[in-house]
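Engineer: Requesting a structural model of the entry that follows:
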Amino acid sequence: MTYEKYGITLKRLTKDKIELVRNWRNDPKISQYMEFRDYITPKMQTKWFAKIDNDQNYYFIIEYKGKEIGLTNVKDMNHEYFSSLFDELRLERMIAHIMSDNQRAIDFNLILGYKKDASSPDTGKMIYILTKEDYLKQRNRFAKLLK
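Structural biologist: Below is the predicted model of the structure:
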């Protein structure tokens, strides 16, 4: 499963890439922004992958200019609740859980059109929501800029 748009490629995470992701997660520059900050062993990573590799979870390696630069996901999907097309994944909204001290992730998600959930605390893990409507507004805005 691969998606390409705006010069970015998303490739479904496969078992042969979990060691790459584990190395990213164990890097202190990355782990400081994660909720789980302990060292991840190969055994832990294999167990994690077995748990998330199913049709309710979509984890993607992000590629930009042919270089693997990160990981993103849509997880815990309950397909019976998603009825209209939100691009290829048929979503109505997406929720991002972001650590409050991860300003780069916050800024990135705001650019995509996410909005902070009013009930989200200002400390710890914050919740941002992207609705189909907000996504389409941002997409159309960027499409105009790229013309």
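
Engineer: which residues does the closest residue in space to residue 131 that isn't next to it in sequence contact?
Structural biologist: Of all residues not flanking residue 131 in the chain, residue 93 sits nearest, at 4.8 Å (Cβ to Cβ, 6 or more residues apart in numbering). (Each C-beta comes from the backbone N, C-alpha and C, glycine too.) Counting by Cβ atoms under 8 Å, 6 or more residues apart in numbering, residue 93 touches 86, 129, 130, 131, 132.

Engineer: What segments of this structure are strands?
Structural biologist: 2-5, 8-12, 58-64, 67-74, 93-99, 115-116, 125-131 (DSSP state E).

Engineer: in its sheet, what does the second one sit against?
Structural biologist: Okay, so that is strand 8-12. strand 2-5 (antiparallel), strand 58-64 (antiparallel) (DSSP bridges).

Engineer: Could you work out which of the strands of the chain reaches nearest to residue 24?
Structural biologist: Residue 24 lies closest to strand 67-74 among the strands of the chain, at 7.1 Å (Cβ to Cβ).

Engineer: same for that closest one, what does it pack against?
Structural biologist: Packed against strand 67-74 by the contact rule (3 or more Cβ pairs under 8 Å, 6 or more residues apart in numbering; DSSP states H and E) you find helix 18-26, strand 58-64.

Engineer: Turn those into JSON lines, columns for mean pLDDT, distance to residue 111 and mean neighbour count.
Structural biologist: Listed next are the helices and strands packed on strand 67-74 as JSON lines, based on pLDDT from 0 to 100; distance: least, Cβ to Cβ, whole Å; neighbours: other Cβ atoms under 10 Å:
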{"stretch": "helix 18-26", "mean pLDDT": "97", "distance to residue 111": "22", "mean neighbour count": "16"}
{"stretch": "strand 58-64", "mean pLDDT": "90", "distance to residue 111": "15", "mean neighbour count": "17"}
